[in-house]
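Participant: I'd like to go over a predicted model; first the sequence, then the structure.
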Amino acid sequence: MSTETLTPMMQQYHALRRELPPGTLLLFRLGDFYEMFGEDAVEASRLLNLALTKRGPTPMCGMPYHAARGYIEKLVAAGWRAAICDQVGEVQSGKLVRREISQILSPGTLDDFGLDDRKPNYLAALCSRGDAFGMAFCDLSTGEFRLTELASLPSLLDELARVSPSEILVPDHQTDQFAAINPRSVLDGYVFESEPATDILRSHFKVHSLDGFGCADLPAGTGAAGALLHYITRQMRRQAGHLNRLQPYRCSQFLILDAASQSHLELVNSRAGRSMTLLGALDRTSTPMGARLLREWILHPLRDAAEIQSRQDAVASLLSDAMLLGDLRARLSEIRDIERATARLHGPSGNARDLATLAQSLSRIPALAASLGGGQKLSIPSHLLSDSLSRLHALPELSDTLTRALVETPPPAIREGGFIQPGFDPTLDELRSASHEGKNWIAALQEKEIDRTGIKSLKVRFTSVFGYFIEITKSNLGAVPEDYIRKQTTVGGERFITPELKEVEGKILGSEERSRAREIEIFAELRSAVLAELPLLQETANTLAVLDVLCSFAETARLHDYCRPEIDDSDILHITEGRHPVLDQLNEGNRFVPNDTDLGTDGKKFAIITGPNMAGKSTYIRQVALLTLLAQTGSYVPAKSMRIGLADRIFTRVGASDDLARGQSTFMVEMNETANILNNATSRSLVILDEIGRGTSTFDGLSIAWSVAEYLHDQISCRALFATHYHELTDLERTRTGILNLNVAVREWNDQIIFLRKILPGRADQSYGIQVARLAGLPDSIIARAREILNNLEKSELNAEGQPTRAPSPRKRLVPDPEAAQMALF
């Protein structure tokens with residue numbers, strides 16, 4: 001359709017629509033509705049189950065303005081961007097109202113729509129430059145802005161899994177390089193280049209050089225950061241002034257967890273629900289800010305012993321004074337989400353409730369600081385706690401202004417008014433008084449007119465369309481005075497006005513309109529006062545988050561009898577009576593069986609663990625990995641004692657399933673993960689392997705498992721736990737001085753097996769697979785037949801009927817010469 005045949009409003013719509021990037025739906029404000037037209041309407045009606053109608057030949061659908069939030073959340077969750085076009089000019093009869101796109105929302109640029117307050121909402125940008133891969137990410141809902149560089153694409157993907165962004169941006173000329181990343185949004189590659197990226201960063205931070213940010217040697221990361229800001233401010237039309245600090249980091253600062261290990265250990269996600277994750281077991285935070293930081297600490301354990309010990313000192317200090325710990329946690333529970341409230345106030349979605357959040361939270365900080373200050377006489381000093389005092393800013397003037405200005409529970413939308421307290425602003429008080437007096441006059445008018453007309457059912461009413469009017473039922477129309485002016489006929493009667501009523505109505509409505517306008521002015525003044533203190537508010541929020549996580553660590557340690565692990569640079573991993581941090585809390589009624597671990601103290605760093613299915617091998621090796629990770633977050637651990645030489649990485653190869661999307665079998669997935677371990681593990685890594693070699697023939701699987709074990713021991717010399725049903729592997733203890741055998745204890749009783757869950761020295765004699773199958777409920781006939789076949793297998797080979805094909809002969813365990821070829825096993 002040519003523009004000549006379009007109405008002025010539709011011409012306006014199409015002009016705005018042409019400005020938008022692909023994948024964006026335009027929500028066009030028409031009165032009390034957001035309307036969508038054309039292909040946007042067809043797609044939105046399908047996604048949102050909205051009725052699809054037509055304006056002439058053009059499809060259209062719409063949603064009420066007041067209910068738009070829920071619809072927008074669904075659009076964004078489905079992967080679309082939503083462009084919000086609002087009316088910004090006065091509505092005048094016969095004239096086209098001016099409209100502008102106020103903001104564009106996407107999965108990574110939300111600041112309040114349906115966000116989980118205990119989880120960050122990151123937007124990330126990626127690019128490569130030479131051999132380096134850069135990543136920058138930010139959370140518009142909090143103001144966090146970080147960048148890093150990695151040496152390989154797999155390392156980038158692992159770090160991307162830790163950050164877990166909601167939206168990912170890549171350059172248009174590098175889409176093939178990042179083909180493994182989906183979904184993603186594609187940007188013009190030019191904005192990732194050094195000069196434009198640096199220019200936009202310098203302009204944003206109002207500096208001549210980026211040297212002060214510490215990212216001069218991170219060109220790929222800087223390119224990603226510049227592209228990220230370009231996308232936010234230019235393409236998404238969002239304000240980003242609260243992204244006022246760029247924080248470079250290097251992954252070498254942290255214990256590295258690849259994507260598979262994060263999933264296997266169920267750190268923050270589990271199919272069984274949050275309670276089955278390490279995060280769920282540890283989270284006793286009192287604020288949303290603390291909950292988000294705890295998640296980050298779990299996903300980024302530390303490599304620096306001094307930093308770990310600083311956190312441990314703080315936990316020890318809190319544990320030494322139960323009253324202080326309880327008081328701090330109570331004070332923290334009264335503080336709301338300062339980070340996100342401040343970020344919203346910097347953007348278009350801020351409202352009076354965000355101001356109230358800050359008012360309440362700031363008013364609680366003096367008492368919290370007093371409690372924290374009183375705790376510095378403890379026998380266990382903590383620099384982390386004492387230094388926090390200087391980073392907590394109560395901002396008394398701002399706090400007092402906000403408290404005096406705001407009602408206790410402001411309405412959700414500032415356009416409604418009613419959020420400023422009486423007595424705060426004289427001008428507003430006068431306008432409210434005029435409106436109140438007019439309403440009192442209206443109330444008195446009804447009684448006066450009833451007396452004058454004798455019509456007992458006379459009512460003075462109000463609607464937003466007709467204003468104030470006098471309502472008379474049909475049966476009383478004969479008594480209507482001559483000075484009444486008919487306004488409207490209804491089913492039940494007539495509506496009238498009088499000149500005096502319209503005059504007072506004008507005063508009331510004028511006062512109310514000016515009152516709301518004045519409140520909006522006051523809101524803008526209060527918001528400006530808040531944003532003037534933005535850096536101090538952000539520092540306060542971060543400090544509160546750190547205190548909250550440390551208190552959460554201490555409370556968990558107090559409740560579940562955790563110990564302080566000893567951290568050093570050795571290659572030792574020694575745990576006394578260690579417990580699985582998640583299962584230990586879930587099994588309160590049935591005491592979790594603790595187990596010891598001793599790797600490295602006598603030179604034996606590699607443990608081969610055998611035992612039946614269901615006996616607890618997998619739980620045990622995961623437990624050791626989780627305790628290692630937990631120790632390096634600075635937390636206490638569920639054990640009687642623990643000593644750990646710092647690990648640089650944790651690798652896990654536990655469980656697997658088919659990757660149908662990539663056409664990979666379970667065995668191929670397993671081999672890919674194993675190859676990653678062998679190619680990237682170092683002598684300081686902790687490697688957890690569970691049942692390597694399944695999914696192929698017995699001899700193939702055993703060969704692979706054996707050679708993997710040899711390589712880890714001989715070439716990498718890392719700490720490792722290797723759970724297996726290949727009992728032949730236990731012979732490695734005889735030929736490798738660094739290998740020890742462990743087994744999971746069981747007891748046989750009346751043809752039954754009892755799992756004792758205890759890890760003991762030595763190797764298991766058998767796997768008890770048939771007994772476990774019986775416990776699973778296999779029919780007795782199958783169990784009996786399995787026993788018969790097993791008996792024959794243990795004696796000799798079988799024929800097709802499962803009978804011996806030759807006389808049984810004793811079979812010796814084959815122990816290969818360490819120098820012989822691997823196939824000598826067979």
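Facilitator: Cool, the structure landed.
Participant: look at the residue lying closest to residue 492 once chain neighbours are set aside and report its pLDDT.
Facilitator: The shortest distance from residue 492 to any residue other than its chain neighbours is 5.9 Å, reached at residue 473 (CB to CB, 6 or more residues apart in numbering). Placement of C-beta: from N, CA and C, glycine included. In this prediction, residue 473 carries a pLDDT score of 93.
Participant: packing partners of the biggest helix by length in the chain?
Facilitator: What stands out as the longest helix in the chain, according to DSSP state H, is helix 499-532. On a contact count with 3 or more CB pairs under 8 Å, 6 or more residues apart in numbering; DSSP states H and E, helix 499-532 meets helix 338-346, helix 352-374, helix 396-405, helix 426-453, strand 467-473.
Participant: adding mean neighbour count and distance to residue 493, write those out as JSON lines.
Facilitator: Compiled in JSON lines, the helices and strands packed on helix 499-532 are given as follows (neighbours: other CB atoms under 10 Å; distance: least, CB to CB, whole Å):
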{"stretch": "helix 338-346", "mean neighbour count": "25", "distance to residue 493": "48"}
{"stretch": "helix 352-374", "mean neighbour count": "20", "distance to residue 493": "41"}
{"stretch": "helix 396-405", "mean neighbour count": "17", "distance to residue 493": "45"}
{"stretch": "helix 426-453", "mean neighbour count": "15", "distance to residue 493": "13"}
{"stretch": "strand 467-473", "mean neighbour count": "20", "distance to residue 493": "4"}
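Participant: format the ones you listed as CSV; extra columns: distance to residue 209.
Facilitator: Listed next are the helices and strands packed on helix 499-532 as CSV, based on distance: least, CB to CB, whole Å:
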stretch, distance to residue 209
helix 338-346, 25
helix 352-374, 34
helix 396-405, 33
helix 426-453, 47
strand 467-473, 62
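Participant: out of these, nearest to residue 96?
Facilitator: With distances scored as CB to CB, the stretch of the helices and strands packed on helix 499-532 nearest to residue 96 is strand 467-473 (25.9 Å).
Participant: what's the spacing between that closest one and its chain's center?
Facilitator: 55 Å (CA atoms, centre = their mean, to the nearest Å).
Participant: show the average pLDDT along the helix or strand that comes right after that strand.
Facilitator: Downstream of strand 467-473, the first helix or strand assigned by DSSP states H and E is strand 485-489. Strand 485-489 carries an average pLDDT of 91.
Participant: by contact count, what packs against strand 485-489?
Facilitator: By 3+ CB pairs under 8 Å, 6+ apart, strand 485-489 packs against strand 493-497.
Participant: try it again at 10 Å.
Facilitator: Helices and strands touching strand 485-489, by 3 or more CB pairs under 10 Å, 6 or more residues apart in numbering; DSSP states H and E, are strand 467-473, strand 493-497, helix 499-532.
Participant: and the ones you listed as JSON lines, adding distance to residue 216?
Facilitator: Below are these laid out as JSON lines (distance: least, CB to CB, whole Å):
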{"stretch": "strand 467-473", "distance to residue 216": "65"}
{"stretch": "strand 493-497", "distance to residue 216": "73"}
{"stretch": "helix 499-532", "distance to residue 216": "30"}
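Participant: which of those sits closest to residue 720?
Facilitator: Among the helices and strands packed on strand 485-489, helix 499-532 sits nearest to residue 720 (CB to CB), with 53.1 Å.
Participant: and the closest one, what's buried?
Facilitator: 501, 504-505, 508-509, 511-512, 514-516, 518-519, 522-523, 526-527, 529-530 (16 or more other CB atoms under 10 Å).
Participant: can you tell me which of the helices and strands packed on strand 485-489 is nearest to residue 644?
Facilitator: Of all these, helix 499-532 comes closest under CB to CB, at 44.5 Å.
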